[in-house]
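J.: I'll drop the sequence and a predicted model, then ask my questions.
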There are 2 protein chains.
Amino acid sequence: MHESLPPVCTRYHRAVELIGRRWAGAIIQALLAGPARFASIRDAIPDISDRMLSERLKELETEGIVTRHVHPDAPVRVEYELTDKGRDLQGALAAIGAWAERWLEPPAPPVRASA
Amino acid sequence: MHESLPPVCTRYHRAVELIGRRWAGAIIQALLAGPARFASIRDAIPDISDRMLSERLKELETEGIVTRHVHPDAPVRVEYELTDKGRDLQGALAAIGAWAERWLEPPAPPVRASA
């Protein structure tokens, strides 16, 4: 026998894993600055590959967090934008960011080859 | 050429993936109720396996989010507890939970075999 804890809410559980999926939080964070093209999002996120970014953007579209706009200019311009549901994550992501600043070590400065 | 976005903070990125790692958010959420034994945590989280819970608890210990107390009773009693760093995640996790209630569909009621 052991004491019992209240069951963890399934929706909460889904939300935290959705945000935490590799790169998803970073993509949402990048898009909070406004609509952006694929290449801009990629450049804002260290180490993400084109394939991974493309996969995650599709998942975030399926989840209703990101929308994809195709502007029929020449050449065609594609932009990604947060939906209301996506933008509403701002508070939660800011709270995670504040916790990270309180508790995680700042990263070591990147080592760059001299130019 | 394309417009550039500010780079996503590395600490934020680490934090969101730490919380979002499969089951980690759920384990922290369960432990916010207070120290608990292995079996109580497992029972609070639908579908988690012993092996996965044990692995995650070790990772959360390594990250300084959970501590493990061994009470030398007979039989030995082991409890897991959030550290200050772990408890300080409460605000961020509550914000995620509130978002989930606003935007995610409630789960279908579980189908239970009649007793």
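T.: That came through, no problem.
J.: lowest-pLDDT helix or strand in chain A?
T.: The helix or strand of chain A with the poorest confidence is helix A:10-20; it has a mean of 81 (mean pLDDT, DSSP states H and E).
J.: got the angle for it vs helix B:10-20?
T.: Angle of helix A:10-20 versus helix B:10-20, following axes from the mean of the first three to the mean of the last three C-alpha atoms, to 10 degrees, is 150 degrees.
J.: so what does whatever helix or strand comes next after helix A:10-20 touch, helix or strand wise?
T.: Using DSSP states H and E, the helix or strand that follows helix A:10-20 in sequence is helix A:24-31. With contacts taken as 3 or more C-beta pairs under 8 Å, 6 or more residues apart in numbering or on different chains; DSSP states H and E, helix A:24-31 sits against helix A:10-20, helix A:38-44, helix A:50-62, strand A:66-71, strand A:77-82, helix A:90-103, helix B:10-20. Where you see a C-beta, it was placed from the backbone N, CA and C, and this is true even at glycine.
J.: with only the CA atoms kept, save stretch A:17-30 in CSV.
T.: Presented in CSV, the C-alpha positions along stretch A:17-30 are these (Å, rounded to 0.1, in the frame of the first residue of the first chain):
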residue,chain,number,x,y,z
GLU,A,17,5.3,17.3,-24.6
LEU,A,18,4.1,19.3,-27.5
ILE,A,19,6.0,22.4,-26.5
GLY,A,20,9.0,20.3,-25.4
ARG,A,21,9.3,18.2,-28.5
ARG,A,22,12.8,18.7,-29.9
TRP,A,23,13.0,22.3,-31.4
ALA,A,24,9.2,23.0,-31.1
GLY,A,25,9.6,25.5,-28.2
ALA,A,26,12.5,27.2,-30.1
ILE,A,27,10.4,27.5,-33.3
ILE,A,28,7.4,29.0,-31.4
GLN,A,29,9.8,31.4,-29.6
ALA,A,30,11.3,32.5,-33.0
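J.: residues in contact with it?
T.: A:36, A:40-41, A:44-45, A:48, A:52-53, A:56-57, A:59-60, A:63, A:65-66, A:82, A:86, A:89, A:92-93, A:96-97, B:5, B:8-9, B:12-13, B:16-22, B:24-25, B:96 (C-beta atoms under 8 Å, 6 or more residues apart in numbering or on different chains).
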